[in-house]
Each structure stands twice: as C-alpha cells, then as structure tokens.
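Undergrad: one predicted model, sequence on top.
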Amino acid sequence: VTKTAGKGFQGGRGGGTTTEPTILNVGYKSTNYWVISVGTSRLLVDLGWYGMWGALKANLDRMGVPLKEIRYGLATHYHVDHAGCAQDLKLAGVPLLVVDVQVPWIPHMKKAIKPGEKFTDITLNDNTVITCAESRAFLAKLGIAGEILHTPGHSNDHVTLLLDTGAAFVGDLGPLSMTGEADDRTAASWQMLIEKGANTAYPGHGNIRRM
Ligand SMILES: [Zn+2]
C-alpha cells in the first residue's frame, strides 16, 4: 500500500494559485482587530470591545474596509475585548464564524459585563460553526490559505488563525517569554504553532512579534 505522507503540499499546482493575504489592524483601546484580506474577500479576527461598535465601524470605514466585504468575523476567544461586538457585526450583515470548542463559552462572556452596560448579547442559533479540522477547507473558500487551531492557555475556548505564510493571530495567548512550567497549556499551544510553521505573532494587544 502506497500512501502519500504529506498533506499540505501535494500537487502544488492542483490547488489553484494562492495570493498572500494582506493584514490590517483596525483596533482601538489597546486591542488589535485584524482584517485579513485576499482581494476583497476579508476575514475579521477579533471583534471589538462591547458597547463600542461605533468605534469599530468608524475604524473599518476610515481604513477602507466595507462591511459587505467582510465574509466572517472570528473571535480568538469569547472575552469582552475580543468578541464584544460580535452580535453588532451580525446585525450589520457580517456572519459570525465560531469554532465548535468555543460554543459553550459564548454565554459566559456576559458575566463580565455589568447590568446596564451597553452590550448586544450573542445569539447562538445563527452562527456558522465549524471544527478546527474543517477550517482549512472552509478558509480556502474565502481564498485564504491557512487553518484555525485550538490553542488553550489564556482561556479554554482560545483559537489561533495560522496562515500558511506563518502569520499567527494569537489573540491573548501569553507571550513566549512568559511561558514555562507555570503554564503548560500555553507553552504547548505555542509549541504546536511553531511546529506548524508560525513565524510571526499578531497579538490581541501590543506589537507584532517575530517568533
Ligand atoms: Zn484581551
């Protein structure tokens, strides 16, 4: 029995041409929100502070990203600074892409929001839910070469978008320098990302870092 070992690069010309995505930061309030674009097909990674949809919308406008070109919004994890505007985006026509491991954690996010504070609660029945295993094929339909990986550590529901270019949208996964025996899960997540080819971290807060 002959079986091809590699799964990433077989038939290099069979998968069509791949264009390297462009990356834009539309963040505010010390938090980065990344727009990954291949032409006018765009994915938004991390979705704004709760109650601040106006600020996110204004930044998208100012940086020339039409809402209708954002195919999906993806939160690295369901904390208030990363997924706070998920429902506002949906109401504005941007579907929410959820990884199955995140689903149970979505309702927990609002515990961090005080009664009376401005927040649009996230409905669960109208999201696009995929597994990490399905993510490569799903992203390919958007023209984006990469995959979504479960990277627990900062939170149980934490995922990382890893492009084939090596760009990793790592959300709040702790900085490499902070990993060690103190947090085995974070270290294991970084280890997996590096093994899978990550070379540049695009964090939820702070500057882009070479890995
Ligand atoms: Zn954060």
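TA: Structure's in. What do you need?
Undergrad: all contacts plus neighbour counts: C-alpha atoms, from now on.
TA: Will do.
Undergrad: how far does the lengthiest helix in the chain sit from the chain's center?
TA: Ranked by number of residues, the top helix in the chain under DSSP state H is helix 184-195. Counting by CA atoms, centre = their mean, to the nearest Å, helix 184-195 is centred 17 Å from the centre of its parent chain.
Undergrad: with stretch 125-144 instead?
TA: Centroid separation between stretch 125-144 and its chain, computed with CA atoms, centre = their mean, is 11 Å.
Undergrad: and the contacts of that stretch?
TA: Around stretch 125-144, the neighbours that count as contacts under CA atoms under 8 Å, 6 or more residues apart in numbering are 18-19, 21, 37-38, 41-42, 71, 95-101, 145-150, 163.
Undergrad: residue 148 and residue 161 touch, don't they?
TA: Yes - here residue 148 lies in contact with residue 161, judged by CA atoms under 8 Å, at a distance of 4.5 Å.
Undergrad: so what's the residue nearest the centre of the chain bridging to?
TA: Taking CA atoms, centre = their mean, the centroid of the chain lies closest to residue 45, which sits 3.9 Å from it. Beta-bridge partners recorded for residue 45 (DSSP bridges): residue 34, residue 74.
Undergrad: in this protein, where is pLDDT below threshold?
TA: Screening the chain residue by residue with the criterion pLDDT under 70, one finds the ranges 1-18, 175-182.
Undergrad: can you map out the helices along it?
TA: In the chain, the segments counted as helices under DSSP H are 53-62, 86-91, 132-141, 184-195.
Undergrad: list the buried residues in the last one.
TA: Of all the residues in helix 184-195, those buried under the rule 16 or more other CA atoms under 10 Å are 185-190, 193.
Undergrad: could you dump those residues to TSV with distance to residue 78?
TA: What follows is the buried residues of helix 184-195, written out as TSV (distance: CA to CA, whole Å):
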residue	distance to residue 78
185	18
186	17
187	21
188	21
189	18
190	20
193	20
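Undergrad: what's the closest of the residues you listed to residue 67?
TA: The shortest separation between residue 67 and any of these is 30.0 Å, and it belongs to residue 193 (by CA to CA).
Undergrad: any chance of JSON lines for the helices of the chain, columns distance to residue 202?
TA: JSON lines is the format used below for the helices of the chain (distance: least, CA to CA, whole Å):
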{"stretch": "helix 53-62", "distance to residue 202": "18"}
{"stretch": "helix 86-91", "distance to residue 202": "20"}
{"stretch": "helix 132-141", "distance to residue 202": "18"}
{"stretch": "helix 184-195", "distance to residue 202": "13"}
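Undergrad: of all those, which one comes closest to residue 107?
TA: Between the helices of the chain, helix 86-91 lies closest to residue 107; by CA to CA that is 12.3 Å.
Undergrad: other SSEs contacting that closest one?
TA: Counting contacts by 3 or more CA pairs under 8 Å, 6 or more residues apart in numbering; DSSP states H and E, helix 86-91 is packed against strand 96-99.
Undergrad: coming back round to it: mind checking which of the contacts of stretch 125-144 are in strands?
TA: Within the contacts of stretch 125-144, membership in strands is found for 37-38, 41-42, 71, 96-99, 146-150, 163, as judged by DSSP state E.
Undergrad: hmm, which of those are the buried ones?
TA: Taking 16+ other CA under 10 Å as the criterion, what is buried in the ones in strands among the contacts of stretch 125-144 is 37-38, 41-42, 71, 96-99, 146-150, 163.
Undergrad: fine, thanks again, bye for now.
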